[in-house]
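heads up, no residue letters with this:
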């Protein structure tokens, strides 16, 4: 896992706090590149956690007319050489792009968790993107006329705006005019797209025009051994939260109406999982120099589970510890996990007793 950052009239190398956080994500290498574009300065910085290739791939990568910052893994590289890292492979592919359409086609072909920043030097096009599910962190910050995009953040005071960049698709803009953006969105519901665009407009004063949709290619995932495996997405997909039980049991209506209300609650949780969990989890794991894997939200599995009816995933006519996430419990029981499959859900911070009761759970932690 790496740390990437891009500042528009915004220093990176001299920001000691940010530098410290970035280097913790990538302890093997760090580099910054500063360039002038007319009356502004762009600074690109990256720290690298070396996990792929025979040799460490330093970033930012200069390939043809492009500068590239990449944090993530690509699972569906058809012709990858074992000595080559994902970043090197991607940089070669990007160098062959001649316009925005080419970049869109390349981005939508990628499968796996990633966040990336690409700058085309001659056209002055800055491309920003997170994968379809928003699994790898990328934060947008603004103070006055200064903009920064970064894997992590050290800004929590009221004078600065900091927000998880919504994984809506591929953002493109000219850094000379940093508030006028184009968005090539991932295929998603119009309502969800409109809400997130409105949030960006209100907080950062952006004008975002929506272009043609991108449709991510769902190719076979080839998983290799990784360091940390987490269960993110299980509750959102299979109905594991108390609010899911309440959405069914407390709703006044017949069973079909109760299931429809439950479906709406599940959809709401799924559509905001990137904001509530994924970016945070990525920062926590990467801050320890590790790579995170979340098998429940791999594209193929998530797509299949979301095609099922809520009645196939959970049953709140059964008691707590049985009806919630019933699909997973039955599967676990079938595998021989008979005792575990009947345990009540318990959040890890309480089960492990690491939760600090003096902290308010609704407050934003400075550690995330």
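Right, received. Where do you want to start? All values derive from a computational prediction rather than experimental measurement. Numbering: from 1, shown residues only.

Run through the strands of the stretch 251-368 of the chain in chain order.
Using DSSP state E, counting those that start in this stretch, the strands found in the stretch 251-368 of the chain span residues 292-293.

Walking through it, point out its helices one by one.
255-271, 273, 279-286, 299-306, 326-334, 348-351 (DSSP state H, counting those that start in this stretch).

which stretch among those helices comes nearest residue 154?
helix 279-286 (11.5 Å; CB to CB). C-beta here means a position set from N, CA and C on the backbone, and glycine is covered the same way.

for the closest one, the distance to its chain's centre please.
Relative to the centre of its chain, helix 279-286 is centred 10 Å away, using CA atoms, centre = their mean, to the nearest Å.

Can you name every helix or strand that it contacts?
Applying 3 or more CB pairs under 8 Å, 6 or more residues apart in numbering; DSSP states H and E, one finds that helix 279-286 makes contact with strand 292-293.

quick one: strands adjacent to the strand it packs on?
strand 228-229 (parallel) (DSSP bridges).

on contacts alone, who are the packing partners of the next helix or strand after the partner strand?
Sequence order places helix 234-238 as the next helix or strand after strand 228-229, per DSSP states H and E. Helix 234-238 sits against helix 255-271, helix 299-306, helix 326-334, with contacts defined as 3+ CB pairs under 8 Å, 6+ apart.

Looking at the helices of the stretch 251-368 of the chain, spot the one closest to residue 214.
helix 299-306 (13.9 Å).

ok, and for that closest one, which residues are buried?
Neighbour-count burial for helix 299-306, counted by 16 or more other CB atoms under 10 Å, picks out 299, 302, 305.

can you count the residues close to the nearest residue to the last one once chain neighbours are set aside?
Spelled out, that is residue 305. Once flanking residues are discounted, residue 305 sits nearest to residue 237: 4.8 Å by CB to CB, 6 or more residues apart in numbering. Residues contacting residue 237 under the criterion other CB atoms under 10 Å number 25.

what residues are up against residue 237?
The neighbours of residue 237, taking CB atoms under 8 Å, 6 or more residues apart in numbering as the test, are 266, 270, 296-297, 302, 305-306, 313.

coming back round to it: for residue 162, find the nearest of the helices of the stretch 251-368 of the chain.
Here helix 279-286 is closest among the helices of the stretch 251-368 of the chain (CB to CB), at 11.5 Å.

neighbouring contacts of the closest one?
The contact list for helix 279-286 (CB under 8 Å, 6+ apart) reads 1, 3, 25, 49, 113, 134-139, 151-152, 164, 228, 230, 232, 291-292, 294, 367-368.

Can you select the buried ones among these for me in ChimeraX?
In ChimeraX, selecting the buried portion of these, with burial taken from 16+ other CB under 10 Å, looks like this:
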select :1,3,25,49,113,134,135,136,137,138,139,151,152,164,230,232,291,292,294
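
picking that back up, so can I have TSV of the contacts of residue 237 showing distance to residue 73 and pLDDT?
Putting these into TSV (distance: CB to CB, whole Å; pLDDT from 0 to 100) gives the following:
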residue	distance to residue 73	pLDDT
266	28	94
270	22	93
296	17	92
297	14	90
302	17	92
305	22	94
306	23	93
313	28	94
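
Before I go, just wanted to say thanks for your time.
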